[in-house]
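Novice: Take this sequence and fold it.
(chains A, B, C and D)
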There are 2 protein chains.
Amino acid sequence: MTPQRMAIMKYLDGNTCHPSAADIYGALRERFPTMSLATVYNTLEALKEKGAVIELSIDRGKKRFDPNPEPHHHLMCIRCKAIVDVFVDFPLTLPDGQTQGFEIVGNRVDFYGICKSCSDEQKGTTERNQ
Amino acid sequence: MTPQRMAIMKYLDGNTCHPSAADIYGALRERFPTMSLATVYNTLEALKEKGAVIELSIDRGKKRFDPNPEPHHHLMCIRCKAIVDVFVDFPLTLPDGQTQGFEIVGNRVDFYGICKSCSDEQKGTTERNQ
DNA sequence: TACTAAGTAATAACCATTCTTGTCAAGTAT
DNA sequence: ATACTTGACAAGAATGGTTATTACTTAGTA
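Specialist: Purely as a prediction, here's the structure:
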């Protein structure tokens, strides 16, 4: 267990911002100036295999990581890409006629919306423009 | 309306394979050797703005396009990335306490599984290995 | 010490996507 | 009808996120 790896794990522990690899890299490079982005990816991959983090694909073009192992869904702001957790359990089972021969192994529910601060910003802009 | 654009639209019409931009490009380049991948992207973007196609983010790292305007969900094979449509309506509303100030604008339900042909392949392999 | 294995950093490579720019066609004014 | 303007378009270049490769370092071990 190297200092870099420990720092990444500590940064993730309890983090609810669902950071990307670049976010983590950016947050830790000050304390670990020699750490490379590849190390972050490697560590995240290792943590993912251990089940310590979950890789989210809610944000196209960027992997986001979630250290919360409890099953839950996500809500993403379409403006600022902030992601928050949603702890509501939806009963989602497909009727046999709809599985089309697939063996279902999981599902995912994502909500999209506009977060408070983005919504406030827009209001401010609108007011200024009037 | 250029021939390329018409060909892309025709290829998509009635297509239930949820092709990626590269899929479309690969399918049409023989008939339109001078067409570029960027043209496919441009056309898909234009069609998306018109509401003629929907962009799926079920497949990380690749945009997939769906010409079916009817609201529905998707089921993807985690092996071969095949995507099929799921026409089941789930009532998904977040209780006020869970929206965290977000103005919800949409949601998405994706199912993941292993399709019949991938499942059969695996069985064959297992048998051979025994 | 020498050997091994794991971890790291740096860089290059890769792929999907987006940006930029030159070209062409249609419309408009002279 | 001709020159000018505008806008759409395709092609190639560029970008950004991610992965692969390589060599170096460190720790553990015989």
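
Novice: List the neighbouring strands of the helix or strand that contains residue A:110 plus their orientation.
Specialist: Element membership of residue A:110, judged by DSSP states H and E, is strand A:103-114. Note on strand A:103-114: by DSSP bridges, its sheet partners are strand A:73-77 (parallel), strand B:103-114 (antiparallel).

Novice: Single out the most deeply packed of those.
Specialist: Counting by mean count of other C-beta atoms under 10 Å in any protein chain shown, strand A:73-77 has the highest mean neighbour count of those, with a mean of 21. All C-beta spots, glycine's among them, are computed from the backbone N, C-alpha and C.

Novice: Does that strand reach DNA strand D?
Specialist: No - Strand A:73-77 lies apart from DNA strand D when judged by C-beta under 7 Å from any atom of the strand; the minimum separation is 14.6 Å.

Novice: and whichever helix or strand comes after that strand, is it in reach of DNA strand D?
Specialist: Next in sequence after strand A:73-77, counting helices and strands by DSSP H and E, comes strand A:83-86. No - Strand A:83-86 is not in contact with DNA strand D by C-beta under 7 Å from any atom of the strand; minimum separation 13.5 Å.

Novice: Return the set of buried residues in strand A:83-86.
Specialist: A:83-84, A:86 (16 or more other C-beta atoms under 10 Å in any protein chain shown).

Novice: Please apply the same query to stretch A:36-45.
Specialist: Across stretch A:36-45, burial judged by 16+ other C-beta under 10 Å covers A:39-40, A:43-44.

Novice: what's the neighbour count on the closest residue to DNA strand C within chain A?
Specialist: At 2.7 Å from DNA strand C, residue A:2 is the closest residue in chain A, using C-beta to the nearest atom of the strand. Residues lying near residue A:2 (other C-beta atoms under 10 Å in any protein chain shown) number 11.

Novice: contacting residues around it?
Specialist: Listed by C-beta atoms under 8 Å, 6 or more residues apart in numbering or on different chains, the contact set of residue A:2 is empty.

Novice: Contact residues of chain A facing DNA strand C?
Specialist: Going by C-beta under 7 Å from any atom of the strand, the residues of chain A near DNA strand C are A:2-5, A:32, A:34-39, A:42-43, A:61.

Novice: Intersect these with the contacts of DNA strand D.
Specialist: Near DNA strand D, taking C-beta under 7 Å from any atom of the strand as the test, the members of the residues of chain A next to DNA strand C found are A:37-38, A:61.

Novice: Going along the chain from the strand or helix carrying residue A:48, find the next helix or strand for me.
Specialist: Assigned by DSSP H and E, residue A:48 falls within helix A:37-50. Once helix A:37-50 ends, the next helix or strand along the chain (criterion: DSSP H and E) is strand A:54-56.

Novice: I'd like to know which elements that following strand is packed against.
Specialist: If you count contacts as 3 or more C-beta pairs under 8 Å, 6 or more residues apart in numbering or on different chains; DSSP states H and E, strand A:54-56 packs onto helix A:37-50, strand A:64-66.

Novice: Using JSON lines, lay out those together with mean pLDDT and distance to residue B:79.
Specialist: Output for the helices and strands packed on strand A:54-56, formatted as JSON lines (pLDDT from 0 to 100; distance: least, C-beta to C-beta, whole Å):
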{"stretch": "helix A:37-50", "mean pLDDT": "93", "distance to residue B:79": "18"}
{"stretch": "strand A:64-66", "mean pLDDT": "96", "distance to residue B:79": "23"}
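
Novice: Now tabulate the ones you listed in TSV and tack on distance to residue B:123.
Specialist: What follows is these, written out as TSV (distance: least, C-beta to C-beta, whole Å):
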stretch	distance to residue B:123
helix A:37-50	26
strand A:64-66	33
